[in-house]
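>>> Here's a sequence, model it:
(2 chains)
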Amino acid sequence: MILIVAEHANGKLSKSAYELATAARGLGRGDVAALVLGSGVASVAGAAALIADQVLVGDSAELAQYDAEIWSAAAAQIANEGEAEVVLIAGSRSGREYSPRVAVKLDAPLLEDVTSLKDEGGVLHAEHYTFLTRVTERVEAKAPVVVVTVKAGAFAPAEPGTVAAEQFDVDLELPKRRLVVTGSTKEKTGRIALAEADIVVSGGRGVGTPEGFVQLVEGLADQLGAAVGATRAVVDAGWRPYSEQVGQTGKTVQPKAYIAVGISGAVQHLSGMNKSKVIVAINKDGDAPIFKIADYGIVGDVKEIVPAMIQELRK
Amino acid sequence: MRILTLIRQVLDAEESVRVRNGAVELEGSKLVMDTMDEYGVEEALRLREAGTEAEIVAVAVGPARSEEALRTALAMGADRGIHVVTDTALDAIALSAVMAQIAKAEGAELIFCGGQEADWDSQALGAATAERLGWPQATWTSALELKGTTLVGKHEADEGSESFEVALPAVVTTQQGLNEPRYPTLPNIMKSKKKEIRKETLEAYGVAPKVKVNGVEIQVKERLKKILDGKDAAGAAAQLVKMLREDAGVIA
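Below is the predicted model:
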């Protein structure tokens, strides 16, 4: 069996779960089981039942909050009991944090953040990015079980079927939580999450001020129903929260359109967005590196161009 | 207390990447200690400067040239180094088996490791090492202090940041924002040349790669580069919106 660990947030199955289902089906290795972990996850499990052949549900208070040790223990236990050949985990921050522990527990190879995945005669072949997303590396792993994290946006989301698969409650032997979370600052912006967005509007120093960022970047994003991203410089300056940072030390995104506003294009930023399908750049410096990887762009003052674009979009 | 900082030598992020014979060509390029690892060395030094008695040991597994990265860590202030010399490229899961054995042998209680390293874009080493040791981990740490034997800090989760507490022993993965790594001063560079770097062989650890690399390539997506002059802001904006709607089809 192929096990996918289905992520969810705010009572909804995440886009990554649908992408994992596509990656799993592509292997053509038989049944796909989805593991859903959480507290009060009946509706999420119901959604997972439309993309998997069976759903394994771990629903308990201990699972109300993610923890790397607890999640890895649960995934490894289910993989062992179900004799999984492949364990697919989302390439989210949490997925990439607990998946190495699953691999160690199963004595399995780990293929990280893959953008393609194939089974060739029992050997898993995959591609992933290296060298700050500038190089594509081809790797293979052959073992009774292989753990794979899948890059967000690399696979098309699976279409839910019409017949719900059977659901089973699982008994999990979970370790005690050792990393105690004493507080959190979740940004509730009402906007779509960076990893899930078709369009991302990002801002850099070139927007001038924090107020300029709100007016230009948020303004354009809201007009387009897009997610908001930021450069490291802007986050370091305290203009924007870290959760919006795109780049080597922030999030990696691969949207249909990435609109860079006042961003010059440092390597560490490009590594987080250079695989976007269409890149749009607006910057006053025509020699900025961002234009070298842009499909469309305007050399000009963002304070004039962006409001004009918002005007145009309202028409 | 003994603190290990895991060091990897990588291509400087500002260097361009070249591929030769199915591998990234490193010869003739500037190689440095991964900036992510600098945060770990710096944080270990700061814990000590804040009053924790600690020996700081920098550990690297890699070819002979990796010693330069270890020397950088020693010049920043680490006390000694351990260099497992090998030309075998280990994936993170295999490498973690070496790191965990060293941590056990050294009786380490705290390990720092970069959150995501610039050559293999992997985030797995810290977590896999923690698992092998049976320790908890805090990843993507952006603030840290030691209160008694408990680490109190902040780290980045899926959405937003979290404050956490975790008792030692533990693995901490680092990132930008945790601190501002110091530059080695000349006297410290001179002193570091006398510091011990113990050489070991990979064979002693009985570890082999779990993932086979079949080759690399640089896939450069051809970009359209339709760049407009923005002197007439309204006109350029209108034309750009039209192109995004009609040519690219990415906005409604």
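
>>> Could I get the average pLDDT for stretch A:292-305?
The predicted model assigns stretch A:292-305 a mean pLDDT of 96.

>>> who touches that stretch?
The list of residues contacting stretch A:292-305 from outside it, by Cβ atoms under 8 Å, 6 or more residues apart in numbering or on different chains, reads A:206-208, A:212, A:216, A:260-262, A:265, A:270, A:274, A:278-286, A:290-291, B:221, B:223-231, B:233, B:236-237, B:240, B:243-244, B:248. Just so you know, the C-beta spots here come from the backbone N, C-alpha and C atoms, and that holds for glycine as well.

>>> what does stretch A:175-191 give?
Residues contacting stretch A:175-191 (Cβ under 8 Å, 6+ apart): A:62, A:65, A:67-70, A:73, A:221-222, A:226-228, A:241, A:243-244, B:136-138, B:157, B:159-167.

>>> Out of those, which end up buried?
The neighbour-count test (16 or more other Cβ atoms under 10 Å in any protein chain shown) marks A:62, A:67-70, A:73, A:221, A:226-228, A:241, A:243-244, B:136-138, B:157, B:159, B:161-162, B:164, B:166 as buried among these.

>>> so of the contacts of stretch A:292-305, which ones are in strands?
Per DSSP state E, strands hold the following members of the contacts of stretch A:292-305: A:260-261, A:278-283, B:226-229.

>>> so which of those residues comes closest to residue A:250?
The shortest distance between residue A:250 and any of the ones in strands among the contacts of stretch A:292-305, using Cβ to Cβ, involves residue A:260 and amounts to 14.1 Å.

>>> Would you mind listing the residues in contact with that closest one?
The neighbourhood of residue A:260, defined by Cβ under 8 Å, 6+ apart, consists of A:202, A:204, A:273, A:279-283, A:290, A:294.

>>> would you list those in a markdown table and tack on distance to residue B:15?
Putting the contacts of residue A:260 into a markdown table (distance: Cβ to Cβ, whole Å) gives the following:
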| residue | distance to residue B:15 |
| --- | --- |
| A:202 | 25 |
| A:204 | 23 |
| A:273 | 20 |
| A:279 | 23 |
| A:280 | 28 |
| A:281 | 23 |
| A:282 | 28 |
| A:283 | 24 |
| A:290 | 19 |
| A:294 | 23 |
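
>>> most neighbours, which of those?
When neighbours are counted by other Cβ atoms under 10 Å in any protein chain shown, residue A:282 leads those with 34 neighbours.

>>> list the contacts for that residue?
Going by Cβ under 8 Å, 6+ apart, residue A:282 touches A:259-262, A:297-298, A:300, A:302, A:305-306, B:230.

>>> which residues sit in contact with the residue in the stretch 101-250 of chain B that chain A sits nearest to?
Nearest residue of the stretch 101-250 of chain B to chain A (Cβ to the nearest Cβ) works out as residue B:230 at 1.8 Å. Each residue near residue B:230 by Cβ under 8 Å, 6+ apart is listed here: A:282, A:298-301, A:304-305, B:236.

>>> Taking those, tell me the two that lie furthest apart.
Put simply, by Cβ to Cβ the two of the contacts of residue B:230 set farthest apart are A:299 and A:304, 11.9 Å from each other.

>>> Next one, pLDDT for residue 160 please.
Picking chain A for this. Per-residue confidence (pLDDT) for residue A:160: 97.

>>> was after chain B, sorry
Each residue has a pLDDT score; the one for residue B:160 is 77.

>>> Leaving out the residues flanking it, which one is nearest to the residue nearest the centre of chain B?
Central residue check for chain B by Cα atoms, centre = their mean: the C-alpha nearest the mean position is that of residue B:114, 3.0 Å away. Excluding the flanking residues, the one nearest residue B:114 by Cβ to Cβ, 6 or more residues apart in numbering or on different chains is residue B:36, at 2.8 Å.
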